[in-house]
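Participant: Structure, please.
(2 chains)
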Amino acid sequence: MSYIARRLVRAVLLLIGVSALCFLFTEMAPGTFFDEMRMNPQISPETISALRSRYGLNQPLLVRYGRWVQSALHSDLGYSIAYNVPVAPLLWSRAKNTLLLTITALLLTWLISVPVGVWAASQRGGLLDRAVTLLSSFLISVPELVIAVGLLAAVVRWRILPIGGMRSSDVEGLSTSGKLQDLLLHLALPTVILVLGETAVIVRHVRSSVLEVLDAPYVQAACGFGIKPRRVLFRHALPVAANPAVSLLGFSLAGLLSGSMMVEVVCGWPGLGPLMLEATLSRDLYLVIGGIMFSSLFTLGGGMIADILLLALDPRIRREGSDAQ
Amino acid sequence: MPVAAVSNVDFAIPRGQTLALVGESGSGKSTIARCVTRLERPDSGQILIQDTDIAQLRPRDLLPFRSGIQMVFQDAVTAMNSRFSALEVIEEPLLIDARINDRNDARIHDRIDDRAIYGRRNRENRCELAHALMIEVGISPDWMHRSILHFSGGQRQRLALARALALRPQLLVLDEALSGLDLSTQAQIANLLIDLQASRSLTYLLISHDLALVARLADTIAVMSEGKMVEGGPTQQVISSPNHAATKKLLAAANTAASNLAAITGGVA
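Facilitator: Below you'll find the model as predicted:
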């Protein structure tokens, strides 16, 4: 329990660090939201400086940071200049879509990678093993953007799936199941792109960690008793292979989020990705910082979930924890 | 080009006796161990257990013989799943498919109790057996539910012996089973091996590079060098009048170790 508490404290400290760095870097970055207005002769410099002071941008950095922290504690995370609303609700409405996409992709990735990786490892050197290795090397070496654009082109060419957004324009007239089906169809393409890229990596990890276990003397011993290969696989290989796999789960949660930004932009999925791109280009300061905070939160959350899972799965970690006290 | 790790090896072990396979590392001892336990399939040759040649049997036909031949590994730490408790380690061999016994052949049948202990069910019986085995190898059965991480090297090797004995084997293959242990533990386990051999009329294939240890345990010795058997015979004969250079080298190493020890203990005294 205290292990989790320690992790929480560390996570909070990390979030404070990230936010401080965000402020520092955005301060150092050239340009502000009002630069374009300044070029416009119809807007007077007085108006702009009035706007600046209204958003508190004329205050020194420390004061702004203090105010932001205060607003973060009220779960607003500052104010978006472009949208003219508090950042957090705005981000959250988009983050829900991102989570829908990434969690679907994550589940599918694991549902595919674990069985395929274990299967490939159990027949090392066989046809399936070589096919999996080859395919995953290919998918890892081809940049995700190329896969995304290629699939997008194929989908457009053969009109297999709807493109862009997460709803059809006539969705209001449909029944509930019709709406769900429409959503799933829109979800399909970005999900497939994400799953392809992630599965390639995770299959390889699962395969190699299972192989490592299968070589261990205790597995050989089990074979010597005459225990069936299937039992060896489930009793010995899978639990041990689960360790690196679960640690990876944390990374892949974080990875899916950053990876999904690109996919969201390419497929027009209304998640955090397009919002963040837009906010960065227009220098919507607090929205950018809020987005980074969200994604740090996801990353930390992913790591935390992985650690708690490990704690639950591996008796050895629990023991080390209690020995340390 | 495929490399033959071992060729031209021929030995027989009478029931209830110990044959020691000695040789430098890399001489092919472990390959023989892995072939005898059929963790590996030899490319050619015969492995006769009583009168059946198991060398080329398919996995399914091999099953009835597996329980008769058990191996104890050098490294007791990696030879057990570190997530298991002592009980889980010992009872694992018993989880083999109970149907093996139905499929049966008389060989297995006359070795097991009438009580059913195999397969997933019968957990109580397995527990009882594990209890008895732990006492037999000299570990307190109170520790049955402890994780094996809590056991020392010597204790783990005792557990490994208990595990190997669970299937009531006739032949134990001890692949450097005493090498990783300190001298006093080694001596204790050697004594345990001698006791077990007497009480269960076990046959040992002892693989070692340590001639001093071998002299104590083995009835006969076979010396391996570069994948071939170069010398063999009764232990006393091989040790007192070695013929082959490899044997002399091993003897010299054992003598150096002994005289070093004598020098140290002499110095202390």
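
Participant: Domain ranges for chain A, per the record?
Facilitator: According to automatic domain parsing, chain A comprises the domains A:2-73, A:95-324.

Participant: ok, and which of the ones you listed has the densest surroundings?
Facilitator: Neighbour counts (mean count of other C-beta atoms under 10 Å in any protein chain shown) averaged over each of those peak at domain A:95-324, with a mean of 18. (Each C-beta comes from the backbone N, C-alpha and C, glycine too.)

Participant: Report whether that domain contacts chain B.
Facilitator: Yes: counting by C-beta under 8 Å from any C-beta of the partner chain, chain B is contacted by domain A:95-324 at A:216-218, A:220-228, A:231, A:236, A:239-240, A:314-316, A:319.

Participant: And residue B:131, what's its pLDDT?
Facilitator: Note for residue B:131: predicted pLDDT of 90.

Participant: hang on, I meant residue B:6
Facilitator: 76.

Participant: And for it, nearest residue in space, chain neighbours not counted?
Facilitator: Counting by C-beta to C-beta, 6 or more residues apart in numbering or on different chains, residue B:6 lies nearest to residue B:28, which is 3.9 Å off, once chain neighbours are set aside.

Participant: show me the contacts for that neighbour.
Facilitator: Contacts here follow C-beta atoms under 8 Å, 6 or more residues apart in numbering or on different chains; on that basis residue B:28 touches B:5, B:6, B:9, B:224, B:226, B:227, B:228.

Participant: Filter the residues of domain A:95-324 next to chain B down to just the ones in strands.
Facilitator: Among the residues of domain A:95-324 next to chain B, no residue falls in strands (DSSP state E).

Participant: re the thing from before, is it possible to export the domains of chain A to TSV including distance to residue A:84 and mean pLDDT?
Facilitator: Shown next, in TSV, are the domains of chain A (distance: least, C-beta to C-beta, whole Å; pLDDT from 0 to 100):
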stretch	distance to residue A:84	mean pLDDT
domain A:2-73	10	82
domain A:95-324	10	83
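
Participant: can you list those domains in JSON lines and add distance to residue B:37?
Facilitator: Compiled in JSON lines, the domains of chain A are given as follows (distance: least, C-beta to C-beta, whole Å):
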{"stretch": "domain A:2-73", "distance to residue B:37": "42"}
{"stretch": "domain A:95-324", "distance to residue B:37": "5"}
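
Participant: To residue B:68, which of these lies closest?
Facilitator: Residue B:68 lies closest to domain A:95-324 among the domains of chain A, at 10.0 Å (C-beta to C-beta).

Participant: how far is that closest one from where the chain is centred?
Facilitator: Chain-centre distance of domain A:95-324: 9 Å, with C-alpha atoms, centre = their mean, to the nearest Å.

Participant: Equivalent analysis for stretch B:38-53, please.
Facilitator: 17 Å.

Participant: Wait, residue B:10 touches residue B:229, no?
Facilitator: Yes: when contacts are counted by C-beta atoms under 8 Å, residue B:10 is listed as touching residue B:229 (6.7 Å).

Participant: quick one, which of the two is more surrounded?
Facilitator: residue B:229 (21 against 9; other C-beta atoms under 10 Å in any protein chain shown).

Participant: next structured bit after the helix or strand hosting the more buried one?
Facilitator: Assessed by DSSP states H and E, residue B:229 sits inside strand B:228-234. Per DSSP H and E, the first helix or strand lying C-terminal to strand B:228-234 is helix B:235-240.

Participant: In PDB, list the C-alpha atoms belonging to that next one.
Facilitator: The C-alpha coordinates for helix B:235-240 follow below in PDB (Å, rounded to 0.1, in the frame of the first residue of the first chain):
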ATOM      1  CA  THR B 235      36.100 -46.400  -9.300                       C
ATOM      2  CA  GLN B 236      39.100 -47.600  -7.400                       C
ATOM      3  CA  GLN B 237      40.800 -49.000 -10.500                       C
ATOM      4  CA  VAL B 238      40.300 -45.800 -12.500                       C
ATOM      5  CA  ILE B 239      41.500 -43.600  -9.700                       C
ATOM      6  CA  SER B 240      44.500 -45.700  -8.600                       C
END
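
Participant: On the three-state scheme, the closest residue to residue A:154 other than its chain neighbours is what?
Facilitator: Nearest residue to residue A:154 in three dimensions, chain neighbours excluded: residue A:160, at 7.6 Å (C-beta to C-beta, 6+ apart). Recorded secondary structure, residue A:160: coil (DSSP: H, G, I helix; E, B strand; the rest coil).

Participant: Contact residues of the stretch 101-250 of chain B facing chain A?
Facilitator: B:147, B:149, B:163, B:167.

Participant: quick one, phi/psi of the last one?
Facilitator: Meaning residue B:167. The phi/psi pair for residue B:167 (degrees, to the nearest 10) reads phi -90, psi 10.

Participant: Would you agree it is in contact with residue A:227?
Facilitator: No: counting by C-beta under 8 Å, residue B:167 stays clear of residue A:227, with 10.8 Å between them.

Participant: what do those two both touch?
Facilitator: Taking C-beta under 8 Å, 6+ apart as the contact rule, residue B:167 and residue A:227 both touch B:93, B:96.

Participant: Give me the below-cutoff pLDDT ranges for chain B.
Facilitator: Where chain B drops to pLDDT under 70, the residues are B:1-4, B:97-122, B:261, B:265-269.

Participant: before we move on, back to that, from the residues of domain A:95-324 next to chain B, which land in helices?
Facilitator: In this view, those that belong to helices under DSSP state H are A:217-218, A:220-225, A:231, A:239-240, A:315-316, A:319.

Participant: what's the neighbour count on residue B:194?
Facilitator: For residue B:194, the neighbour count with other C-beta under 10 Å is 14.

Participant: what about residue 70, which helix or strand?
Facilitator: Went with chain A since none was named. Using DSSP H and E, residue A:70 sits within helix A:61-73.

Participant: The chain in question should be chain B.
Facilitator: Judged by DSSP H and E, residue B:70 forms part of strand B:69-72.

Participant: just checking, next helix/strand downstream of that strand?
Facilitator: helix B:86-91.

Participant: Show me where the stretch 1-150 of chain B has its strands.
Facilitator: B:18-23, B:48-49, B:52-53, B:69-72 (DSSP state E, counting those that start in this stretch).

Participant: what's the closest of those to chain A?
Facilitator: strand B:69-72 (5.3 Å; C-beta to the nearest C-beta).

Participant: By neighbour count, which of the contacts of residue B:28 wins?
Facilitator: residue B:224 (25 neighbours).

Participant: Residue A:3 contacts residue A:312, doesn't it?
Facilitator: No: taking contacts as C-beta under 8 Å, residue A:3 lies outside contact range of residue A:312: 11.7 Å.

Participant: in the stretch 101-250 of chain A, which spans are helices?
Facilitator: A:127-141, A:144-158, A:176-215, A:217-225, A:229-232, A:238-267 (DSSP state H, counting those that start in this stretch).

Participant: Pull the residues that contact the fourth one.
Facilitator: What that stands for is helix A:217-225. So helix A:217-225 is contacted by A:213, A:229, A:231-232, A:235-237, B:37, B:39, B:66-67, B:69-71, B:73, B:75, B:78-81, B:92-93, B:96, B:163, B:167 (C-beta under 8 Å, 6+ apart).

Participant: which residues does the residue nearest to the spatial centre of chain B contact?
Facilitator: When C-alpha atoms, centre = their mean is applied to chain B, the residue found nearest the centroid is residue B:174 (2.2 Å). Contacts for residue B:174 (C-beta under 8 Å, 6+ apart) come out as B:71, B:72, B:193, B:204, B:205, B:206, B:207, B:208.

Participant: In strands only, show me the residues you listed.
Facilitator: Those of those mapping onto strands are B:71, B:72, B:204, B:205, B:206, B:207, B:208, per DSSP E.

Participant: Closest one of these to residue A:70?
Facilitator: For the ones in strands among the contacts of residue B:174, the residue nearest residue A:70 by C-beta to C-beta is residue B:72; the value is 67.4 Å.
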